[in-house]
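S.K.: The sequence and its predicted three-dimensional model are supplied below.
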Amino acid sequence: MMRYLPSATILAQLGLIFVIFNMLVLSAAFMVWLERKVCAYIQDRHGPNRVGYEGSLQPFADVIKLLFKEQLRPKAADAFLFALAPLVSTTAAFAAFSVVPFGTQTTLFGLLDEPIPLQITDVNVAVLVVFAITSMGIYGIVLAGWASNSKYSLLGGLRSSAQMISYELSYGLALAAVIMMAGSLSLREIVLHQSGTWFGVIPRWYIIPQFFGFLIFLTAGVAETNRAPFDFPEAEQELVAGYHTEYSSMSFAMFFLAEYVNMVTVSAVATSLYLGGWLGPFLPDWLGWVWFLVKVFLILFFYVWMRWTLPRYRYDQLMEFGWKFLLPAAVVNLFVTAAMVLWIG
Amino acid sequence: MDVAVFYIFGAIAVLASLFVVAQGNPMHSVMLLITSFGALAGLYVLLDAPFTAVTQIIIYAGAIMVLFLFVVMLLNIPREDPVQRTASALLGPTGMRMGVLLSVVLGVEVVWAMSRMAGAGFSEGPSAPSVSSVAGIGGELFTRHAFAFEATSVLILVAMVGAVVLARKEQP
Amino acid sequence: MIGLNHYLILSGLLFAIGTAGVFVRRNLITVLLSIEIMLNAVNLTFVAVGRYRGNVDGQIITFFVMTVAAAEAAVGLALVISLFRHRETLNPDAFTSLKW
């Protein structure tokens, strides 16, 4: 009996990984549906409403359609890198979620002897791991742009790498302010540091002392995931479809998947850093993941809302905004936070 | 377990680096070098230095290599002429002598270092001093190495100005 | 059991590969990449010895090496770009106008 128990923990861990992977795939499908629906209502149309209830099965129909399409490759493309690019994009998108905690420790209703945390792995440099994996995601886009050997793809790839490097700085500085407040690099400890309330009603989430940091993080996150109003790598009116112009069939679907999973990951990280992760009032502790899902959904909805409300920037405006406004603002935010931690505690 | 991980990452690092040097397409070289850096980051984790591993990925693979990719893409660099890549044509007698000298020096150095450390293993177990603490690294960096830290920031500023001046279009 | 010697041999190999690249290759980009390989080999030695001695000095020197590598890459690539503008080639043998 005793020898059986550790393997039960391992099984639970494997099950957790399986569940998270599939949840991410499903969330991407859900986001596609949500995006099309919200976009439709914003533009006073109905959106997809044929497949399934209110078109809810539309993403799956799309995937099946893409599966049966022919895989095309331009003659002058670099075969190996052309095939590698979507893999890099998707892998980076999924890998970043592995350090995000989404619930308290659980024994699965007493099924396990020792509780496991609802998180794939808790490394002590988790915030930096997220940062590192996000920065690896650039390669998928750059490689796709270069390997396609097409001018639109190349321009899209170049734009995206410049954009992601520029906004990574503000992203990192916003993270540094939170790390300073929590005194830890582990996402789980950062979330736990946000437990409790001020004056009995206001939750001690970092969005309150770090409101500007939250705005900087969200803006930089939108730019990192190449979403409107910063969607230059694939600006349709100028670049056809940007870096994935030459992609078809499943490799196109993988870029699509990567984009939505990236959005989910950025929202989940923002939830852990600023909105108190799985912490929240009214619900018992073991239902914390419900709060987590609600918060992530709100940020995702904001993403979609913003995309269909704001027009695209011009590229020089984007660079000017990133370097001349967002980065100085992030530096000031870091200094103010440092002073706050030092003198107020 | 550790042994297998070491040999896998070590083999990846060596093979990838070898192909960086051995094949002619600069774009492939950059990608292979990123693979090699990833393997080295794995070795750093094995060496109980997760913070260094992550900085390796962020700085080397995420920033420096993007710079290289950018230049390769912008210049659309041609492959080298195959004629020039034959070793005998480009390594003159001076080059050959230098190469022999350097390999002898490196070989002697490695053998000397290894004989000094004969069979030294890493201290393991709970009593072993931990080198993985981020706080420990930060403390050392900002106290004993504070001057070097400030000096590097000046270096980076100089490099930044230098790069901008060198790469900008010349005024007509 | 993996000891310090394994890491020393590995980093010696990497360093040799990097040096060979600097000497053998006739493409400025690849030469710069080979220099990065050499710097990384040195970093590996620093971290391994730091682990062996049980202090963080090895890792701290690694950070300084990384910073210097970043500065070197930025300036080096800027030089490559301006050289390429003048001669349309990256063969270092083409840049010999100061030789006499």
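M.R.: Now that the structure is in, tell me what you want to look at.

S.K.: quick one: the helices in chain C?
M.R.: C:4-24, C:28-53, C:57-87 (DSSP state H).

S.K.: phi, psi of A:T121?
M.R.: phi -150, psi 150 (degrees, to the nearest 10).

S.K.: Tell me where the model's unsure across chain C.
M.R.: C:1, C:99-100 (pLDDT under 70).

S.K.: before we move on, the earlier item: tabulate the helices of chain C (CSV), appending distance to chain A and mean neighbour count.
M.R.: To be clear about C-beta, it is placed using only N, CA and C from the backbone, and glycine gets the same treatment. Formatted as CSV, the helices of chain C follow (distance: least, CB to the nearest CB, whole Å; neighbours: other CB atoms under 10 Å in any protein chain shown):
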stretch, distance to chain A, mean neighbour count
helix C:4-24, 21, 21
helix C:28-53, 14, 23
helix C:57-87, 12, 19
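
S.K.: would a markdown table of the ones you listed with distance to A:S27 be doable?
M.R.: Putting the helices of chain C into a markdown table (distance: least, CB to CB, whole Å) gives the following:
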| stretch | distance to A:S27 |
| --- | --- |
| helix C:4-24 | 41 |
| helix C:28-53 | 37 |
| helix C:57-87 | 36 |
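
S.K.: Which one of those lies nearest to B:G99?
M.R.: Proximity to B:G99 (CB to CB) singles out helix C:4-24 among the helices of chain C, at 6.0 Å.

S.K.: could you give the angle of the closest one to helix C:28-53?
M.R.: Per axes from the mean of the first three to the mean of the last three CA atoms, to 10 degrees, the angle that helix C:4-24 makes with helix C:28-53 is 160 degrees.

S.K.: For helix C:4-24, name the packing helices and strands.
M.R.: Judged by 3 or more CB pairs under 8 Å, 6 or more residues apart in numbering or on different chains; DSSP states H and E, helix C:4-24 is in contact with helix B:2-22, helix B:93-116, helix C:28-53.

S.K.: so which of the ones you listed gets nearest A:G242?
M.R.: Closest approach to A:G242 among those (CB to CB): helix C:28-53, 25.6 Å.

S.K.: Which other helices and strands does the closest one contact?
M.R.: helix B:2-22, helix B:26-46, helix B:65-75, helix C:4-24, helix C:57-87.

S.K.: Quick one, which of the helices of chain C gets closest to A:Y53.
M.R.: A:Y53 lies closest, by CB to CB, to one member of the helices of chain C: helix C:57-87, at 53.1 Å.

S.K.: isn't there a strand covering A:Y313?
M.R.: No - applying DSSP: H, G, I helix; E, B strand; the rest coil, one finds A:Y313 to be coil, outside a strand.

S.K.: what's around it, how many residues?
M.R.: Look at A:Y313: counted by other CB atoms under 10 Å in any protein chain shown, it has 18 neighbours.

S.K.: For it, give me phi and psi.
M.R.: Backbone torsions for A:Y313, taken as degrees, to the nearest 10, come to phi -70, psi 170.

S.K.: Disregarding flanking residues, what is the spatial nearest neighbour of it?
M.R.: Excluding its sequence neighbours, the residue lying closest to A:Y313 (CB to CB, 6 or more residues apart in numbering or on different chains) is A:P229, at 5.5 Å.

S.K.: That neighbour touches A:P311, doesn't it?
M.R.: Yes - at 6.5 Å, A:P229 and A:P311 qualify as touching, with contact defined as CB atoms under 8 Å.

S.K.: Neighbour count for these two, which is higher?
M.R.: Using other CB under 10 Å as the criterion, A:P229 and A:P311 rank with A:P229 on top: 17 against 7.

S.K.: Could you confirm that one falls within a helix?
M.R.: No - when three-state DSSP is applied, A:P229 is found to be coil, with no helix at that position.

S.K.: Show the contacting residues for it.
M.R.: For A:P229, the contacting residues are A:V222, A:M306, A:R307, A:L310, A:P311, A:R312, A:Y313, by CB atoms under 8 Å, 6 or more residues apart in numbering or on different chains.

S.K.: how would you label A:R73: helix, strand or coil?
M.R.: Using three-state DSSP, the structure places A:R73 in coil.

S.K.: What is the burial count for it?
M.R.: Burial of A:R73 is recorded as 17 neighbouring residues (other CB under 10 Å).

S.K.: Could you tell me how many residues sit around the nearest residue to it once chain neighbours are set aside?
M.R.: Distances taken as CB to CB, 6+ apart place A:F82 nearest to A:R73, at 6.0 Å, with adjacent residues excluded. Neighbours of A:F82 under the rule other CB under 10 Å: 21.

S.K.: Confirm that A:F82 sits in a helix.
M.R.: Yes - assessed by three-state DSSP, A:F82 belongs to a helix.

S.K.: Roughly how far does it sit from A:V266?
M.R.: 27 Å (CB to CB, to the nearest Å).

S.K.: give me the element A:S160 is part of.
M.R.: helix A:151-182 (DSSP states H and E).

S.K.: Quick check: what element follows that helix along the chain?
M.R.: Helix A:151-182 is succeeded, C-terminally, by helix A:187-192 (DSSP H and E).

S.K.: close to chain B, is that next one?
M.R.: No - with CB under 8 Å from any CB of the partner chain as the criterion, chain B is not reached by helix A:187-192; the gap is at least 12.0 Å.

S.K.: So which bits of that helix are buried?
M.R.: Buried positions in helix A:187-192, judged by neighbour count with 16 or more other CB atoms under 10 Å in any protein chain shown: A:L187, A:R188, A:I190, A:V191, A:L192.

S.K.: And stretch A:306-319, by the same measure?
M.R.: A:R307, A:R312, A:Y313, A:L318, A:M319.
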